[in-house]
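A.B. asks: here is a sequence together with a model predicted from it:
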Amino acid sequence: MHLGGTPTVSTTETDLIEPPAAPRVEVLPPRDVPLGGPRAMTVRRTLPQRSRSLIGAWCFVDHYGPDDVAHTGGMDVAPHPHTGLQTVSWLFTGEIEHRDSLGVHAFVRPGEVNLMSSGHGIAHSEVSTPATTTLHGVQLWVALPEEHRHTGRNFHHHAPTPVALAGGEARVFLGTLAGDTSPVPTFTPLLGAELTLRPHATVTLAVDPAFEHGLLVDCGEVRLADTPLHAADLGYLAPGSTAITLTNTGDTDARTILLGGTPFEEQIVMWWNFIGRSHEDITRAREEWMSSANPDRFGEVQGYPGDRLPAPELPGIPLKPRGNVR
C-alpha cells in the first residue's frame, strides 16, 4: 500500500539492456581495371581485394557502365578460357551475345541471368550486340569447391519474376530471398539478387545468419545498416545477422546487387581467367590453353569473327593460395 511521498521506482535487469548495435559494415571501394585484351573496356572491380578475397563463394565482382557504346565501342571479349568457376552475367541495360565451347549461343538481357559452369575447362566469347546503345551491368564469378572443381561444363538461364517489397523491388537470380527462390543450381549455398529502392525508402530483409553478405551499389546513395555506401562501393557484412536493413537516402531510385553465401573455407589461386588450388594448376591450364597439348580441355567457340585471346605471361614468382582471414 502506498502511504504517500515519492514512490520508489525499481530498475529491472531488462531496463538496462541496450538495443543491439547495428552490424559492422566493411566498405570495399572499387578500382578501375581494363577488361578484354586489345579492345579493352574499363570496369570497376570490388572483389577480390587485398583485404578480402571472397564473400561466400563469390570471388569476383566487376561493375561496368552505363557506357555509351557509340563512344566506348562496347564489349568485345574474344574467346577465352575458364577453369574452376561459374560465371554469372547480369545486365541493367543493353544486350550481350554469348557463345561457348559447350555449343551454347545465347543472349544476356536485362533482368535475365546467364550462369555458365566451367568445371575442368570451358571457353566463351562476349560481345555487345549492334542493337545496344548503352551497356550497363555486372559480371560475377563463383569459385567451385574442390569436390566439384572438375565437373562438366554447363549453362543455365533464368528470368526471375520481380518481387514487390515495401519500398522497392527484388529480382532473385540465385538462392532465396523475400519469399522467392531461383531454380538455377549452385555448388555451395549462395544468394544473388537485384534490389531497387524508391527515394527515401527503408527495406529490411530476412537473411540466413550463416551467410556473409556483400551489397554492391549500382546507383544512388544507400545506407547498409548504419553505414553509407556510394555508387560502385561494395559493403561487406560478416555472418550472424538474421536481417539486413537498406535505406535509400536520396531523391531518386537506388539500385543494388545483394550477394551472399556461407563462408568458403578453401583457399584458391585465381589468376587471369583460371581458378585452381596451386601454382601448378594455373601453369597447366595456361599451357593447355596456349598449346594443342590437350585440345579437349577447353574446346572451341564457334561463330566468333576473330582469334581467341592469348594468355598473359605468368609472374616470375609462384602464385600463392589465398582465402579470407577470419
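C.D. replies: Good, I have the coordinates.

A.B. asks: what does the helix or strand encompassing residue 275 rub up against?
C.D. replies: Here residue 275, judged by DSSP states H and E, is contained in strand 274-276. Here strand 274-276 makes contact (CB atoms under 8 Å, 6 or more residues apart in numbering) with 59, 81-85, 141, 143-144, 149, 268-269, 281-282, 285-286. All C-beta spots, glycine's among them, are computed from the backbone N, C-alpha and C.

A.B. asks: pLDDT on it, on average?
C.D. replies: Mean pLDDT, strand 274-276: 98.

A.B. asks: so how many other residues sit close to residue 189?
C.D. replies: By other CB atoms under 10 Å, the residues close to residue 189 number 16.

A.B. asks: any idea how far residue 103 is from it?
C.D. replies: 30 Å (CB to CB, to the nearest Å).

A.B. asks: returning to that earlier point: any idea which helix or strand comes after the strand holding residue 275?
C.D. replies: Next along from strand 274-276, by DSSP H and E: helix 279-290.

A.B. asks: give me the helices and strands touching that next one, please.
C.D. replies: Where contact means 3 or more CB pairs under 8 Å, 6 or more residues apart in numbering; DSSP states H and E, helix 279-290 is packed against strand 269-271, strand 274-276.

A.B. asks: need the contact list for residue 242.
C.D. replies: So residue 242 contacts 206-207, 209 (CB under 8 Å, 6+ apart).

A.B. asks: could those go into CSV alongside distance to residue 179, secondary structure and neighbour count?
C.D. replies: Output for these, formatted as CSV (distance: CB to CB, whole Å; DSSP: H, G, I helix; E, B strand; the rest coil; neighbours: other CB atoms under 10 Å):
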residue, distance to residue 179, secondary structure, neighbour count
206, 9, strand, 12
207, 13, coil, 20
209, 18, coil, 10
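
A.B. asks: got JSON lines for these, with pLDDT too?
C.D. replies: Below are the contacts of residue 242 laid out as JSON lines (pLDDT from 0 to 100):
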{"residue": "206", "pLDDT": "97"}
{"residue": "207", "pLDDT": "98"}
{"residue": "209", "pLDDT": "98"}
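
A.B. asks: count the residues that sit near the nearest residue in space to residue 86 that is not next to it in sequence.
C.D. replies: The shortest distance from residue 86 to any non-neighbouring residue, by CB to CB, 6 or more residues apart in numbering, is to residue 142 (4.3 Å). Under the neighbour criterion other CB under 10 Å, residue 142 is assigned a count of 28.

A.B. asks: check residue 293 too.
C.D. replies: Residue 293: 10 neighbours (other CB under 10 Å).

A.B. asks: what's it sitting at in phi/psi?
C.D. replies: Per-residue torsions, residue 293: phi -60, psi -30 (degrees, to the nearest 10).

A.B. asks: quick one: pLDDT of it?
C.D. replies: 78.

A.B. asks: you'd agree it is up against residue 287?
C.D. replies: Yes. Contact criterion CB atoms under 8 Å: residue 293 and residue 287 qualify, at 6.3 Å.

A.B. asks: and the next helix or strand past the worst-scoring helix or strand of the chain on mean pLDDT?
C.D. replies: Here the helix or strand of the chain ranked lowest by mean pLDDT, DSSP states H and E is strand 31-35, holding a mean of 86. Past strand 31-35, further along toward the C-terminus, the next helix or strand under DSSP H and E is strand 41-47.

A.B. asks: gap between that next one and the chain center?
C.D. replies: 12 Å (CA atoms, centre = their mean, to the nearest Å).

A.B. asks: could I have whichever helix or strand comes after that strand exported to PDB, CA atoms only?
C.D. replies: Next helix or strand after strand 41-47 toward the C-terminus (DSSP H and E): strand 58-68. Output of strand 58-68 as PDB, limited to C-alpha atoms (Å, rounded to 0.1, in the frame of the first residue of the first chain):
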ATOM      1  CA  TRP A  58      31.700 -15.100 -54.700                       C
ATOM      2  CA  CYS A  59      35.300 -14.400 -55.800                       C
ATOM      3  CA  PHE A  60      35.000 -11.700 -58.500                       C
ATOM      4  CA  VAL A  61      32.800  -8.600 -58.900                       C
ATOM      5  CA  ASP A  62      33.100  -6.400 -61.900                       C
ATOM      6  CA  HIS A  63      30.700  -3.500 -62.400                       C
ATOM      7  CA  TYR A  64      30.500  -1.500 -65.700                       C
ATOM      8  CA  GLY A  65      28.600   1.300 -67.300                       C
ATOM      9  CA  PRO A  66      26.400   3.000 -68.100                       C
ATOM     10  CA  ASP A  67      28.600   3.200 -71.200                       C
ATOM     11  CA  ASP A  68      27.700   4.900 -74.400                       C
END
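
A.B. asks: buried ones in strand 58-68, by neighbour count?
C.D. replies: For strand 58-68, burial by neighbour count (16 or more other CB atoms under 10 Å) applies to 58-65, 67.

A.B. asks: circling back to that earlier point, what about the least confident helix or strand of the chain, distance to the chain center?
C.D. replies: With CA atoms, centre = their mean as the basis, the mean position of strand 31-35 lies at 16 Å from the chain mean.
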